[in-house]
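**Q** got a predicted structure here, sequence first:
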Amino acid sequence: MTQRAPFLFLIGLLIAAGIGTATFRHQEFRIPLLPGERQSVWEIEARIRYDAPNGPSQVFLTLPPDQAGLRRVSETGASSGFGFELEDLPAQRRAHWTKRDASGEQTLFYKLRFVQDPDYTADQLPPGRISQPAWDEPYKTAAAQILDSAMPISADERTLAQQLINNMNLVPAGQNVSLLRERYSHPRLLELLLLTAQVPARTVDVLELEDGRRRQSLRTFVQVWDTDRWYLFNPNAGPVADNDNLLLWNTDTPAVLEVVGGSNSRVSFSMISQSRSMLALVDTGSSFSLDNLPIAEQGMFKLIMLLPVGALVVVFMRLIVGVRTAGTFMPVLIAMALLQTQLVPGVVSFVLVVALGLMMRSYLSALNLLLVARIAVLVILVIGIISVISIVSYRLGLISGLTIMFFPMIILAWTIERMSIIWEEEGPKEVLIQGGGSLLVAILAFLLMDLDIVSHLAFNFPELHLCVLALVLLLGRYTGYRVLELKRFSSFTEQ
Amino acid sequence: MSAWIPPLQLARRGVLGMNRRNLSYIGRYNNRSQYPLVDNKLKTKLVAAEAGLHVPELLHVVNTQHEIELIESELTSLPSFVIKPAQGSGGKGIVVIESQTAEGFVKSSGDVLSLNDIKRHLTNIISGLHSLGGRMDVAIIESLVKVNPLFRNVSYEGVPDIRLIVFRGYPVMGMLRLATKSSDGKANLHQGAIGVGLDIGNGRSISAVQHEKIITRHPDTGADLTKLAVPNWQDLLTLASRCYEVTQLGYLGCDIVLDEHHGPLVLELNARPGLSIQIANNEGLVPRLRQIEGLKTPSADAEERVSYAMKEFSRLEGITQADLWNEPQESDSAPTAPLTGHTKN
């Protein structure tokens, strides 16, 4: 027998590897731990229209940057007749449509799907060197006066921005503000004032998220950099808390839409929010998982991946409880069949077929056949029994009787063969004990394998089977009493 | 007696459980490559006979269908014999013919078989009807053991046999197995045979169980089971002990019968002996196994081992289970048997 320490080390290693990989994949690939986890998905559509003269045209659409709290799931931009490319520039992502020969009104679509995810973080690029805005008189004086009044009553970058916003939104507006507003838009004015005060600031375009809105346009807000990140300000109101149903669309380019070789271009946005299972959102292309397989094979693996769970149940019931079963892993196979038939119809038809088969088998044993021939005969008889049961139950309107077809013939035949051997050698009582034991273990295995959470974990986190393996190994070294031995040896009770 | 026993209490009584038997004893002391030797009765018989151990006399071996026809005439000339599948287990396929009359072969139960019945039975054995997994098998025909007269009135049908657990060559526990009506003449405890625990020190009965319940009388023959004493006890233990050298199986079950003329004969060996023997003895195996495991140099001499076992495992007043359990070595210096000498040979 091998040493205890390396064995326990191996167990620990397997469990750690299983749970570790599962945790990693959960966090990295966002594979949900629970089967039914749902999340609301935003689907945003940007519709671009422009009039093209005859000739080549190019369209650039600035795309939303990575931002905290919003995780992009997918994006598409293909439009018929156009070449399409996503340009992933470090400062700003953008979509690029191209067409050699466009004429008349053109319509392009860009679709973006993302989920709101508070755990999602994104790196923010710090601002570059601030270039002092060049003011013309009399605006220069007006700007200086506004700053002079706001500066003393602020403490840092963000409070300065807040004071400036307050100042700009006074009703009635102050003389300086009114003067400046003749020339500058509200957000642009705020940005310039902040830059003049050496505060890193920029105007950004944001999209307000509201379910079911159509033909929305972007609004311009101002961002202020403070120590380590950008803070968003609504120039008409004040600071905006993050994730406040705002999607940052454009941060660094002067315009969202740029059309070369076209006129009268405009972009509008529609959006819709849907509730989706998180699993449907997993980006499978990048993760090593079973759902990269074709759908048909996936269905098969969903069953195969449940086998270890059933095996664990068998090991537990035999080694710890001490239930006797006919055939070591026969119960697992029965449980697999039950998964397809559902519990009650499956068990009823299974017992029915085995009982009928046993009756026929008792006649076969009188025929004195060799083993292989005997089993072959049983397979044929089982098919006969199944056909009869199916037809009769269909006639009686019991559709569930048809589920018997899901039981593998060979397994049924083998079960009957084994049971009849046990019957002959050890009597009908033993058949009930072992048959009942097999069925009990099969039902327990079925109940476990039928749990959504179990099948979900087994399929989506196959590495958890390392933990199952470790448990089986551990059970394989169990030298204590079996539960049923406590009854068997009850005559040892001390007086 | 309660229906369930707390595991700690069971452990205190030193009862060996199935998992522990498989892992700590069979797994550790029995080399798998030796299994065919004990799983095949013909091999066991030949090897044992070669080593000079007494076995029931082998009359014929039937390997093929063709040979069945050949031995036909010889069978009819035999007054009594036993047919066994070489690879059968649990008494499957064993037919005992006690005598021949004009109607045919008389079984121990009184049923009469024709020559054709016998031939069909041999065919079944060869085709693997009684072997594990339906493998092809051979049939053994051996001489019928003459039941020792002491047991003649005790057992219901069949020959009572003595099951001994031999651990590293030391006989550690024994029981006498008696067939009953409900066991259908078979000596397997779980089929309803009676197990009578035997004192290793002197071969006297300790207690008897049927269906895991304590009884004092044979339900069919009415024989008193509390006063049984197995004759030739020391020879019998020595014979069992020597099976260790033959098989090299550290944890071995030896089934031995007492023949009226030939004394103890090895009937069958078992690499996975059952645990019911503990119930029949009302004692757990673990302390005794521990004691043997604690020996620094197990003796290579069967007689030495037997006298050690008879001294150590005798039921004595004064040695409690707890003593054996905690300190396997302590009993080395325990007082020797004052109770009784060996049963006369």
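**A** Here it is on my side, so go on.
**Q** so which residues of chain B form strands?
**A** Counting by DSSP state E, the segments of chain B that form strands are B:58-62, B:81-85, B:95-100, B:105-107, B:112-113, B:139-142, B:161-167, B:170-178, B:194-198, B:205-210, B:213-215, B:251-259, B:263-270.
**Q** who does the fifth one pair up with?
**A** When sheet partners are counted by DSSP bridges, strand B:112-113 sits next to strand B:105-107 (antiparallel).
**Q** repeat that for the first one.
**A** According to DSSP bridges, strand B:58-62 forms sheet pairs with strand B:139-142 (antiparallel).
**Q** tell me which residues touch the residue most central in space within chain B, please.
**A** Nearest residue to the geometric centre of chain B (CA atoms, centre = their mean): residue B:255, 2.2 Å. With contact taken as CB atoms under 8 Å, 6 or more residues apart in numbering or on different chains, residue B:255 is in contact with B:161-163, B:266-270. To be clear about C-beta, it is placed using only N, CA and C from the backbone, and glycine gets the same treatment.
**Q** ok, now which ones touch residue B:176?
**A** Residue B:176 makes contact with B:160-163, B:195-196, B:198, B:205, B:228, B:230 under the criterion CB under 8 Å, 6+ apart.
**Q** meant to ask about residue B:285
**A** Counting by CB under 8 Å, 6+ apart, residue B:285 touches B:14-16, B:165, B:172-173, B:275, B:277-278.
**Q** look up how far residue B:299 lies from it.
**A** With distances taken as CB to CB, to the nearest Å, residue B:285 is found 20 Å from residue B:299.
**Q** cool, residue B:62 as well?
**A** Going from residue B:62 to residue B:299 by CB to CB gives 40 Å.
**Q** more crowded one of these two?
**A** Taking residue B:62 and residue B:299 together and counting by other CB atoms under 10 Å in any protein chain shown, residue B:62 has the greater number of neighbours (22 against 16).
**Q** and that one, what pLDDT?
**A** As summarised for this prediction, residue B:62 has a pLDDT of 90.
**Q** bridged to it, which residues?
**A** In this entry, residue B:62 is beta-bridged to residue B:139, by DSSP bridges.
**Q** then residue B:96?
**A** According to DSSP bridges, beta-bridge pairing links residue B:96 with residue B:82.
**Q** helix, strand, or coil at the closest residue to chain B within the stretch 151-300 of chain A?
**A** Ranked by CB to the nearest CB, the top residue of the stretch 151-300 of chain A for proximity to chain B is residue A:300, at 30.0 Å. Each residue gets one of three states, and residue A:300 gets helix by DSSP: H, G, I helix; E, B strand; the rest coil.
**Q** how many neighbours does it have?
**A** Around residue A:300 there are 11 residues (other CB under 10 Å).
**Q** adding neighbour count and pLDDT, write the contacts of residue B:255 out as TSV.
**A** Formatted as TSV, the entries for these read as follows, by neighbours: other CB atoms under 10 Å in any protein chain shown; pLDDT from 0 to 100:
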residue	neighbour count	pLDDT
B:161	24	89
B:162	23	93
B:163	26	94
B:266	23	92
B:267	23	89
B:268	20	88
B:269	27	91
B:270	18	90
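**Q** low-confidence regions, chain B specifically.
**A** B:1-2, B:90, B:132-134, B:316-345 (pLDDT under 70).
**Q** out of the contacts of residue B:255, who's nearest residue B:224?
**A** residue B:162 (18.2 Å; CB to CB).
**Q** pretty sure that closest one sits against residue B:198.
**A** Yes - with contact defined as CB atoms under 8 Å, residue B:162 and residue B:198 form a contacting pair (7.1 Å).
**Q** now do the shared contacts for those two.
**A** By CB under 8 Å, 6+ apart, residue B:162 and residue B:198 have these common neighbours: B:174-176, B:230.
**Q** any idea how far residue A:267 is from residue A:255?
**A** Here the distance between residue A:267 and residue A:255 works out to 10 Å (CB to CB).
**Q** which of these two has more neighbours?
**A** Under the criterion of other CB under 10 Å, the comparison of residue A:267 against residue A:255 puts residue A:267 first, with 21 against 13.
**Q** which strands and helices lie in contact with the helix or strand where that one lies?
**A** In this assignment (DSSP states H and E), residue A:267 forms part of strand A:263-277. Taking 3 or more CB pairs under 8 Å, 6 or more residues apart in numbering or on different chains; DSSP states H and E as the contact definition, the neighbouring helices and strands of strand A:263-277 are strand A:38-62, strand A:257-260.
**Q** report how many residues lie close to residue B:65.
**A** By the measure other CB under 10 Å, the count of residues near residue B:65 is 12.
**Q** nope, residue A:247 is what I was after
**A** As a burial measure, residue A:247 scores 21 neighbours (other CB under 10 Å).
**Q** who's in contact with it?
**A** Residue A:247 makes contact with A:42, A:44, A:64, A:67, A:70, A:114, A:206-207, A:209, according to CB under 8 Å, 6+ apart.
**Q** not counting its neighbours along the chain, what's nearest it?
**A** Once flanking residues are discounted, residue A:247 sits nearest to residue A:207: 4.5 Å by CB to CB, 6 or more residues apart in numbering or on different chains.
**Q** give the contact list for the one you found.
**A** Counted by CB under 8 Å, 6+ apart, residue A:207 has contacts A:44, A:64, A:216, A:218-219, A:246-247, A:249, A:269, A:271.
**Q** ok, so of these, who is nearest residue A:103?
**A** Nearest member of these to residue A:103, counting by CB to CB, is residue A:269, at 26.0 Å.
**Q** list the contacts of that closest one.
**A** Taking CB under 8 Å, 6+ apart as the definition of contact, the neighbours of residue A:269 are A:44-47, A:207, A:213, A:215-218.
**Q** filter those down to the buried ones, PyMOL style.
**A** For anyone working in PyMOL, the buried entries among the contacts of residue A:269, judged by 16 or more other CB atoms under 10 Å in any protein chain shown, can be selected with:
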select buried, chain A and resi 44+46+47+207+216+218
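**Q** tabulate the contacts of residue A:269 (JSON lines), appending pLDDT.
**A** Formatted as JSON lines, the entries for those read as follows, by pLDDT from 0 to 100:
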{"residue": "A:44", "pLDDT": "86"}
{"residue": "A:45", "pLDDT": "86"}
{"residue": "A:46", "pLDDT": "88"}
{"residue": "A:47", "pLDDT": "88"}
{"residue": "A:207", "pLDDT": "87"}
{"residue": "A:213", "pLDDT": "78"}
{"residue": "A:215", "pLDDT": "81"}
{"residue": "A:216", "pLDDT": "82"}
{"residue": "A:217", "pLDDT": "85"}
{"residue": "A:218", "pLDDT": "86"}
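**Q** hmm, back to that, buried among the contacts of residue A:247? Need that as a selection in PyMOL.
**A** Paste this into PyMOL to select the buried members of the contacts of residue A:247, with burial taken from 16+ other CB under 10 Å:
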select buried, chain A and resi 42+44+64+67+70+114+206+207+209
